[in-house]
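[1] turn this into a structure:
(one chain, ligands or ions: 1)
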Amino acid sequence: MPQSKTQPVRVRFAPSPTGKLHIGGARTAIYNWAFARANNGVFILRIDDTDPTRSTDENTQVILRAMRWMGLNWDEGPEVGGDYGPYWQTERLSLYREAALRLVAQDKSYFCFCTAEKLEADRKAAQQRHDPFQGYQRTCRSLDKAAAQARVDAGEPYTIRIKVPEDRGDLIVHDAVHGDVRFNAKELDDFILFRSDGTPTYNFATVVDDAAMHITHVIRGDDHLSNTPRQIIVYEALGAPVPTFAHISMILGADGKKLSKRHGATSVEQYRDAGYDPEAFINYLALLGWALDGETTIIPRDVLAAKFSLDHVSKNPATFDQAKLDWINASYLAEKTDEAYAREVLVPQLRAAGLEEAGGDPVGSASNDGTSPADAIDDDDAAALLHSTAWYELLAAILKPRVKLAPEVVDKARFLYESTDLLYDQKSVDKNLAKPGTLAFVQGALDGLRQLDDAQWTAQHIDEKLAQVLEALETNKRKFYAAVRVAVCGNQVSPPLGESIELLGRELTLARLAQARQYAQE
Ligand code: GLU
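    Numbering: from 1, shown residues only. This next block holds a predicted model:
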């Protein structure tokens, strides 16, 4: 029974918490999320944790964190609840058992008592007689029902197997990505729904849940396409509508092999920790197998959420392209407002690097603008920030065009956080400061800037003052600025000088110029 078109869209992302969330899983999550949003549907997160040996709570937490970092908010699932819970398969075990027993009662499945040895012997025999069908030989399918029940009641171990209908013709998966894919029902054996240890098989649990949760579209990796005919048999046995399937292609590394750890970072967390912007990250992953129009590369979240459609998903494998991800990431960083850049990029990075450590000496012009340390940036933890909102926004403005990956801000801003122990870069000193004539530059800048009071300590006034000093010295412009830059910032590659000096603050700037006289020469 196909899904009716009028039903509200309900999709799920159902990771097994047997490891971290990887690129491939993240893309599946993004497609489900975007499909739900584009169709005013419901996005469900379900934790498929029925493999007790490999599933851990820690992995579940890592997956939830990765989902939140990507901004893939789910409407039903862990932590948010919903009408069709629980959303952990281990909390649904009794449902699978009930469903399997119901199918036995309806003669759509049956108890099987075959031992592992018997199954193995049957398989070998089928091999020897070159039987094209080497699956389960249906030994227990014809057992008398009452007798089978008696054996179960007596405590004999059993599994529950589906009864694939004799007359079931070919199975056709109407896949939204691959088109119609045909499977020969004769090749399907009566597979196990419920194991002797009381756990359901993947193909059974998934369908019981997808049916109970009224999933309308199953969007997942195409490694599951071969499971789909079995799942359709289960839907039919349960009398539940078969959802639309969309199996999305593999992701390959640059060498054409399936993306794996050999190719470098593969978990979402690794990208978060490397400083990728989550908006850029989901934009890039969305493009691995889906296109808006074949041309547009920058597709913000809201566009993705409005425009995503399965008919633009490619069935060909996608190739992971690090350079393209980096390019998209840089574009997103450059597009941020100073306020967003300060809050989302600068402050977290400076914190992670320990530069914002509480208890450190506030340096620079923390209160130049008369406000207290950045409460607007960080409501929860304002006290831990050393500077004002305006300070971070000015720093954001000057670093933004100079940074491709968020962590690069740390080295570029470090000079602002060093007080008396500013580390002078020896090469920069040798090249620009330890040269004949530079003492006059440094002294001139010191005397000039000293004339500006705290209220005048802005990039504009600073630039004007330095220009006056330069004019009075009648010297080489490039050499003058290079010497002053190294004297104040310790390095010849700092951001624009006026802004750098403003951020550094009056006290520290004057102290550094005074200190730098020891490197300068007459
Ligand atoms: N837990 C399964 C997996 O992670 C879900 C597959 C599916 O979406 O049906 O592969």
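
[2] hey, where'd the strands end up in this structure?
    With strands called from DSSP state E, the chain shows them at 10-13, 42-45, 109-112, 159-162, 171-175, 179-183, 192-194, 217-221, 244-248, 251-252, 318-319.

[3] could you list the buried residues of stretch 306-319?
    Under the neighbour-count criterion of 16 or more other Cβ atoms under 10 Å, stretch 306-319 has 307-308, 310, 313, 317-318 buried. (Each C-beta comes from the backbone N, C-alpha and C, glycine too.)

[4] picking up where we left off before, what's the most buried one of the strands of the chain?
    When you average the neighbours per residue for each of these (mean count of other Cβ atoms under 10 Å), strand 10-13 leads with a mean of 26.

[5] and the residue nearest to Asp453 when sequence neighbours are not counted, how many neighbours does it have?
    Using Cβ to Cβ, 6 or more residues apart in numbering and skipping the chain neighbours, the partner closest in space to Asp453 is Arg506 (7.7 Å). Arg506 has 20 neighbouring residues, counting by other Cβ atoms under 10 Å.

[6] and Arg54, by the same measure?
    Neighbour number of Arg54 under other Cβ under 10 Å is 11.

[7] before we move on, the earlier item: now the buried residues of stretch 306-319 in a markdown table, with distance to Ala26?
    Below are the buried residues of stretch 306-319 laid out as a markdown table (distance: Cβ to Cβ, whole Å):
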| residue | distance to Ala26 |
| --- | --- |
| Lys307 | 19 |
| Phe308 | 15 |
| Leu310 | 18 |
| Val313 | 16 |
| Pro317 | 17 |
| Ala318 | 13 |
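
[8] CSV for the residues you listed, including pLDDT and distance to Lys479?
    CSV is the format used below for the buried residues of stretch 306-319 (pLDDT from 0 to 100; distance: Cβ to Cβ, whole Å):
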residue, pLDDT, distance to Lys479
Lys307, 98, 55
Phe308, 98, 56
Leu310, 97, 63
Val313, 97, 59
Pro317, 95, 56
Ala318, 95, 52
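
[9] pLDDT on stretch 468-475, on average?
    Stretch 468-475 carries an average pLDDT of 95.

[10] which residues touch Ala146?
    For Ala146, no contacting residues are found, by Cβ atoms under 8 Å, 6 or more residues apart in numbering.

[11] which residue sits closest to the residue nearest the centre of the chain, ignoring its sequence neighbours?
    Nearest to the mean C-alpha position of the chain, by Cα atoms, centre = their mean, lies Val268 at 4.1 Å. Among residues not flanking Val268 along the chain, Ala66 sits closest, at 3.9 Å (Cβ to Cβ, 6+ apart).

[12] and the one you found, how many residues sit next to it?
    Ala66: 23 neighbours (other Cβ under 10 Å).

[13] what pLDDT does the nearest residue in space to Lys307 that is not next to it in sequence get?
    In space, and not counting its chain neighbours, Lys307 is closest to Leu292: 5.8 Å by Cβ to Cβ, 6+ apart. pLDDT, Leu292: 96.

[14] cool, and Thr6?
    Looking at Thr6, the pLDDT reads 72.

[15] how about Arg12?
    Arg12 is given a pLDDT of 98.

[16] hmm, Met213 and it touching each other?
    Yes - using Cβ atoms under 8 Å, Arg12 is in contact with Met213, at 6.5 Å.

[17] give me the common contacts of these two.
    The overlap between the contact sets of Arg12 and Met213 (Cβ under 8 Å, 6+ apart) consists of 44, 46.

[18] among the buried residues of stretch 306-319, which are in helices?
    Judged by DSSP state H, helices contain the following of the buried residues of stretch 306-319: Lys307.

[19] how about the buried residues of stretch 306-319, which pair is most distant?
    The most widely separated members of the buried residues of stretch 306-319 are Lys307 and Pro317, with 22.9 Å between them, by Cβ to Cβ.

[20] can you give me the helices for the stretch 301-450 of the chain?
    Secondary structure of the stretch 301-450 of the chain by DSSP state H, counting those that start in this stretch: the helices cover 301-307, 322-335, 338-341, 347-352, 389-399, 408-417, 426-428, 438-450.

[21] can you put these in a markdown table and add distance to Lys258?
    Output for the helices of the stretch 301-450 of the chain, formatted as a markdown table (distance: least, Cβ to Cβ, whole Å):
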| stretch | distance to Lys258 |
| --- | --- |
| helix 301-307 | 25 |
| helix 322-335 | 16 |
| helix 338-341 | 36 |
| helix 347-352 | 32 |
| helix 389-399 | 38 |
| helix 408-417 | 31 |
| helix 426-428 | 45 |
| helix 438-450 | 59 |
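
[22] what's the closest of the ones you listed to the ligand?
    Among these, the nearest to the ligand by Cβ to the nearest ligand atom is helix 301-307 (20.5 Å).

[23] which residues sit against that closest one?
    Applying Cβ under 8 Å, 6+ apart, the external contacts of helix 301-307 come out as 30, 33-34, 37-38, 71, 279, 282-283, 286, 292, 299.

[24] so how far is the ligand from the residue nearest to the centre of the chain?
    The spacing between Val268 and the ligand, counted by Cβ to the nearest ligand atom, to the nearest Å, is 15 Å.

[25] for the protein, which spans come out with low pLDDT?
    Applying pLDDT under 70 to the chain flags the ranges 1-5, 358-383, 420-421.
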